[in-house]
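**Q** Sequence and computational prediction follow.
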Number of protein chains: 2
Amino acid sequence: MGPSARAASDRDLFADGLRDQGVGELGYRPNATAVALRTHRSQVLGLLIRNLHNPFFLDVVDGFDGACAAAGYEVMIGSSRYDPSREWELLHAFQDRGVDGLAVAPIGTGPAVGDWAEDYRCPLVLLNAPPPQAGAAVMSVRGVGAAAVAQAVRHLVELGDRELTLVVAPADKDPEPERPERFRALARESGFAARVVETEPGLDAAREAVGRVSAEPPSRRPTAFLTNSDHLAQAVYLAAADLGWRVPEDLSVVGHDDLPTAALLAPPLTTLRVDRREIGRRAATLLIDSLEGRPPARRDVVVRVDLRVRQSSSPADIANSQDRKPELPCRN
Amino acid sequence: MGPSARAASDRDLFADGLRDQGVGELGYRPNATAVALRTHRSQVLGLLIRNLHNPFFLDVVDGFDGACAAAGYEVMIGSSRYDPSREWELLHAFQDRGVDGLAVAPIGTGPAVGDWAEDYRCPLVLLNAPPPQAGAAVMSVRGVGAAAVAQAVRHLVELGDRELTLVVAPADKDPEPERPERFRALARESGFAARVVETEPGLDAAREAVGRVSAEPPSRRPTAFLTNSDHLAQAVYLAAADLGWRVPEDLSVVGHDDLPTAALLAPPLTTLRVDRREIGRRAATLLIDSLEGRPPARRDVVVRVDLRVRQSSSPADIANSQDRKPELPCRN
DNA sequence: ATGAAAGCGCTAACAG
DNA sequence: CTGTTAGCGCTTTCAT
């Protein structure tokens, strides 16, 4: 083989297989499956979401993926769609595939997840759910649910609202039962009327549920709705429109999550801002740290939640006097 | 071991390992890693998204996951974050992990993806991008981009708009260059003024870009914006507010995607509705069919896109006369 | 130091 | 038809 032939072959080799690799590197890539079989480490983390349809989880996934990428892990994802049997199935599918760690946004408080963790010992973190008292090995990442409720309630009470209604998912699907509890406790302390309405996930179901509680006699008519998500707050908007009620003149609404669209709704939605990407990132970091022998200081990471006051909770005179220039939603 | 001891042990076994399994079933689950190594089939499909931050992809992921679940596949996900080198990296990471098939929402028209497909022969489907003429093995699933533009343009021209501006991602990041081309061709045919503005992804960048084109002399002032996504349409709303322009009185806006929030914006957004879940589902089905020896009839699946007219594109008198009752956004 | 061998948990191909 | 064996591609251990 002459020198020119060699040069051509080198060029081809480069174009084909070595594209982004440094000169001199061999184009060898170990077979990750074989490595996993041999070492019992797959370098894959599982992410099991209860409802991938909720935009809340988009950024969670994004943050999780980002942290995994930085540490050389891949992520396997699955949605349980609020179906406990599918959750159970996915848990085992991930186990069979040998995930090194798992983050779960559980259905309800996730008893199935706890049971599963008993027999497959791998780092596990619950998203937006308190850690089960039993399994000390289980970690969690979540917003400060109870304090967030208190913050929103204080705001509304200051505005003069006395008939508050909290909209949440049914108890068996809600990973944070402490929220309605705290809400009722606050009512007892502060002397406002507290009502809790449970609704199946889904805009239509929620819209209807909200409509139902709103049909109270005038004296007990709700003047403010708090929801567990901006998603549900949208249902409240729709229900209000159905009834011909104006927000915020006739009804205050406070959401939860501060999705990018919250600021663009009509009227812009007052909501509890939580850094969704951070939740995903912290969950991944917790898993990776445990896996790499850096036991995390806190097993229960609580991320800040703060109230962003917009026009959906301002009495009319305040709303009208405010600068209406739309503010930026959270950084894109 | 007496009978009572046996009974107790059976019960424990049931509680521990056999939970949801039929009586008599052995609690055996094959190790998927070993199976994959042996059979060269992982039962895992890859899903590589260019920007997981865009809500568009949420439902795509959901549909993809759903179809995979039904067929017994798991899904490995990754986000390239508009970074070509990370896209290249993920492509290989998926390859190393032995994914059986891969769906990619590519950055730009995805030349890297094409190159990669050459050396790792597995079913590949491009999301929202035309199939490269080269690789006959590459499939694709997408909305009917060009026809959608035509539909929106016709609508606006009928409303009297003559200064139309299309907002798209920069050419190197846009997987559908045919869209601006079609837009310009339509302008030549129909005699309206066509301007195309490119913007980096991100609400702030887009807002600023839109503001810039809007600073034209009155005679050439844009009267309508078409965007490539509802995401970008939101940027147009923000820019309009910056300028003190009212939508739709001063400016028509037409989005693309019909995200759940489109109907809730102020004013409700006219947009091109596309079934995002269907895109994910079809992509997975295409891959699974090829893998299981059912070669799909069409390698280039095109899903319907239809115009949903709302208030952001109606002239004031029409807008005011319309029933303002908010309509339901797409299911759930 | 470098090299050979065993084996991770399975399936495919083979022999009895 | 049932039972045995080789080997997927690697890492780890053990012997040189």
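**A** The structure has been received and is ready for your questions. Numbering: from 1, shown residues only, chains lettered A, B, ... in the order given.

**Q** so how far is A:Ala150 from A:Arg207?
**A** The spacing between A:Arg207 and A:Ala150, counted by Cβ to Cβ, to the nearest Å, is 27 Å. For the C-beta atoms, the positions are set from N, CA and C on the backbone; glycine is no exception.

**Q** Okay, and the residue in the stretch 1-150 of chain A that DNA strand C sits nearest to sits in which element?
**A** Here the stretch 1-150 of chain A gets closest to DNA strand C at one residue, A:Arg38, 3.6 Å apart by Cβ to the nearest atom of the strand. Assignment of secondary structure by DSSP states H and E places A:Arg38 within helix A:32-39.

**Q** Are that helix and chain B in contact anywhere?
**A** Yes: on the criterion Cβ under 8 Å from any Cβ of the partner chain, helix A:32-39 is in touch with chain B at A:32-34, A:36-37.

**Q** low-confidence ranges in the stretch 201-332 of chain A?
**A** Along the stretch 201-332 of chain A, the parts satisfying pLDDT under 70 run over A:315-332.

**Q** Going by proximity to DNA strand C, name the top residue of it.
**A** Closest point on the stretch 201-332 of chain A to DNA strand C, by Cβ to the nearest atom of the strand, is A:Leu291, at 18.6 Å.

**Q** Tell me how many other residues crowd that residue.
**A** A:Leu291 is flanked by 17 other residues according to other Cβ atoms under 10 Å in any protein chain shown.

**Q** how close does it sit to chain B?
**A** From A:Leu291 across to chain B, the span is 17 Å (Cβ to the nearest Cβ, to the nearest Å).

**Q** Looks like that residue contacts A:Asp100 (just checking).
**A** Yes: contact criterion Cβ atoms under 8 Å: A:Leu291 and A:Asp100 qualify, at 5.5 Å.

**Q** picking up where we left off before, among the residues of helix A:32-39 next to chain B, which are within reach of DNA strand D?
**A** Among the residues of helix A:32-39 next to chain B, the residues lying close to DNA strand D (Cβ under 7 Å from any atom of the strand) are A:34, A:37.

**Q** Just the buried ones among the residues of helix A:32-39 next to chain B, please.
**A** A:32-33, A:36-37 (16 or more other Cβ atoms under 10 Å in any protein chain shown).

**Q** And the helices in the stretch 201-332 of chain A?
**A** Assigned by DSSP state H, counting those that start in this stretch, the stretch 201-332 of chain A shows helices spanning A:203-214, A:230-243, A:276-291, A:316-321.

**Q** out of those, which comes closest to B:Asp172?
**A** Closest approach to B:Asp172 among those is made by helix A:276-291 (25.5 Å; Cβ to Cβ).

**Q** Surely A:Ala193 and A:Leu164 touch.
**A** Yes: between A:Ala193 and A:Leu164 there is a contact at 6.8 Å, judged by Cβ under 8 Å.

**Q** Could you tell me which residues touch both of these two?
**A** Residues touching both A:Ala193 and A:Leu164 (Cβ atoms under 8 Å, 6 or more residues apart in numbering or on different chains): A:Ala187.

**Q** Between these two, which has more neighbouring residues?
**A** Neighbour totals were compared for A:Ala193 and A:Leu164, and A:Leu164 leads with 25 against 13 (other Cβ under 10 Å).

**Q** Apart from its neighbours in sequence, what residue is nearest the more buried one?
**A** A:Ala224 (5.0 Å; Cβ to Cβ, 6 or more residues apart in numbering or on different chains).

**Q** Mind listing the residues bridging to the one you found?
**A** Bridge pairing for A:Ala224 (DSSP bridges) gives the partners A:Leu164, A:Ser252.

**Q** out of A:Arg207 and A:Ala150, which sits in the busier spot?
**A** Legend: neighbour count by other Cβ under 10 Å for A:Arg207 and A:Ala150, higher for A:Arg207 (22 against 17).

**Q** if I read this right, that one contacts A:Leu243, doesn't it?
**A** No: assessed by Cβ under 8 Å, A:Arg207 is found out of contact with A:Leu243, at 10.6 Å.

**Q** hey, what's in contact with both of these two?
**A** By Cβ under 8 Å, 6+ apart, no residue touches both A:Arg207 and A:Leu243.

**Q** that older thread, what helices or strands is the helix holding A:Arg38 leaning on?
**A** Applying 3 or more Cβ pairs under 8 Å, 6 or more residues apart in numbering or on different chains; DSSP states H and E, one finds that helix A:32-39 contacts helix B:32-39.

**Q** avg pLDDT for the helix it packs on?
**A** Averaged over helix B:32-39, pLDDT sits at 97.

**Q** Quick one: distance of that helix to the chain centre.
**A** Put simply, helix B:32-39 sits 32 Å off its chain's centre (Cα atoms, centre = their mean, to the nearest Å).

**Q** what does stretch A:150-160 give?
**A** 24 Å.

**Q** And the strands in chain A?
**A** Per DSSP state E, chain A carries strands over the ranges A:44-49, A:74-79, A:101-104, A:124-127, A:138-143, A:163-168, A:193-198, A:224-227, A:252-257, A:270-274, A:300-303, A:305-308.

**Q** mind giving me CSV with those strands and columns for distance to DNA strand C?
**A** Putting the strands of chain A into CSV (distance: least, Cβ to the nearest atom of the strand, whole Å) gives the following:
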stretch, distance to DNA strand C
strand A:44-49, 16
strand A:74-79, 18
strand A:101-104, 19
strand A:124-127, 21
strand A:138-143, 24
strand A:163-168, 42
strand A:193-198, 43
strand A:224-227, 46
strand A:252-257, 42
strand A:270-274, 41
strand A:300-303, 33
strand A:305-308, 43
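
**Q** Among those, which comes closest to B:Ala137?
**A** Per Cβ to Cβ, nearest to B:Ala137 of the strands of chain A: strand A:74-79, 24.2 Å.

**Q** Adjacent strands (with direction) for the closest one?
**A** If you go by DSSP bridges, strand A:74-79 pairs up with strand A:44-49 (parallel), strand B:74-79 (antiparallel).

**Q** Which among the ones you listed is found nearest to A:Glu278?
**A** strand A:44-49 (15.3 Å).

**Q** how distant is that closest one from the center of its chain?
**A** When C-alpha coordinates are averaged (Cα atoms, centre = their mean), strand A:44-49 and its chain have centres 14 Å apart.

**Q** From the rest of the structure, what touches it?
**A** Contact with strand A:44-49 is made by A:36, A:57, A:60-61, A:64, A:68, A:73-80, A:87, A:90-91, A:94, A:97-105, A:284, A:287-288, B:76-77, B:97, as judged by Cβ under 8 Å, 6+ apart.

**Q** Equivalent analysis for stretch A:89-96, please.
**A** Residues contacting stretch A:89-96 (Cβ under 8 Å, 6+ apart): A:46, A:48, A:76, A:78, A:80, A:102, A:104, A:112-113, A:116, A:120, B:29-32, B:69, B:74.

**Q** The same query, at a cut-off of 6 Å, please.
**A** For stretch A:89-96, contacts defined as Cβ atoms under 6 Å, 6 or more residues apart in numbering or on different chains pick out A:46, A:48, A:78, A:102, A:116, A:120, B:29, B:32, B:74.

**Q** Spatially nearest residue to the last one (excluding sequence neighbours)?
**A** Read that as B:Glu74. Going by Cβ to Cβ, 6+ apart, B:Glu74 has B:Val44 as its nearest residue, at 4.9 Å.

**Q** now the residue nearest to A:Val213 when sequence neighbours are not counted: how far from A:Ala169?
**A** Distances taken as Cβ to Cβ, 6+ apart put A:Val197 closest to A:Val213, at 5.0 Å, once the chain neighbours are dropped. Distance, A:Val197 to A:Ala169, by Cβ to Cβ: 11 Å.

**Q** Check A:Cys68 too.
**A** For A:Cys68 relative to A:Ala169 (Cβ to Cβ), the value is 28 Å.
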